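> show me how the following folds:
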Amino acid sequence: MNFDKWFNSQSTLLKVILLIIPFVGWIVELLVRLSVMLRTKSLLHVVVFILFLVVGWGWVLNVIDLVYLILKGHLILAD
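Predicted coordinates:
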């Protein structure tokens with residue numbers, strides 16, 4: 001699964017648009033985090049995926065990720 005690589009190769013504007021749409025943003029972030037978790041098999045990425053799965057549907061993590069994406073070009077702990 002290389003969804004994270006595809007997502008990171010897109011323009012920042014497209015990434016922001018994908019994250020701003022309420023339900024689509026949650027699904028996109030979930031797929032990116034799942035892809036990173038499966039690719040790296042790191043305990044940190046497993047914990048971040050589970051945390052985002054449980055609490056990520058709210059706007060708080062999405063807004064934090066959106067700001068970080070605009071500043072750095074990728075999601076927090078999804079590099």
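> residue ranges for the strands of the chain, please.
Read by DSSP state E, the chain holds no strands at all.
> so, low pLDDT: which residues of it?
Within the chain, not a single segment meets pLDDT under 70.
> from the centroid of it, which residue is nearest?
Nearest residue to the geometric centre of the chain (Cα atoms, centre = their mean): residue 29, 3.3 Å.
> ok, now how distant is that one from residue 37?
To residue 37, residue 29 is 12 Å away according to Cβ to Cβ, to the nearest Å. From N, CA and C alone the C-beta is placed, and that goes for glycine too.
> same thing with residue 70?
As judged by Cβ to Cβ, residue 70 and residue 37 stand 24 Å apart.
> who has more neighbours out of these two?
Between residue 70 and residue 37, residue 37 has the larger neighbour count (other Cβ atoms under 10 Å), namely 22 against 12.
> ok now do that one, which residues does it touch?
Residue 37 makes contacts with 45, 46, 48, 49, as judged by Cβ atoms under 8 Å, 6 or more residues apart in numbering.
> quick one, longest helix in the chain?
Scanning the chain for the longest helix, with DSSP state H as the assignment, gives helix 22-40.
> quick check: end-to-end length of stretch 49-66?
17 Å (Cα to Cα, to the nearest Å).
> show me which residues of that stretch are buried.
For stretch 49-66, the neighbour count (16 or more other Cβ atoms under 10 Å) marks 49, 52, 56, 57, 61, 62, 65, 66 as buried.
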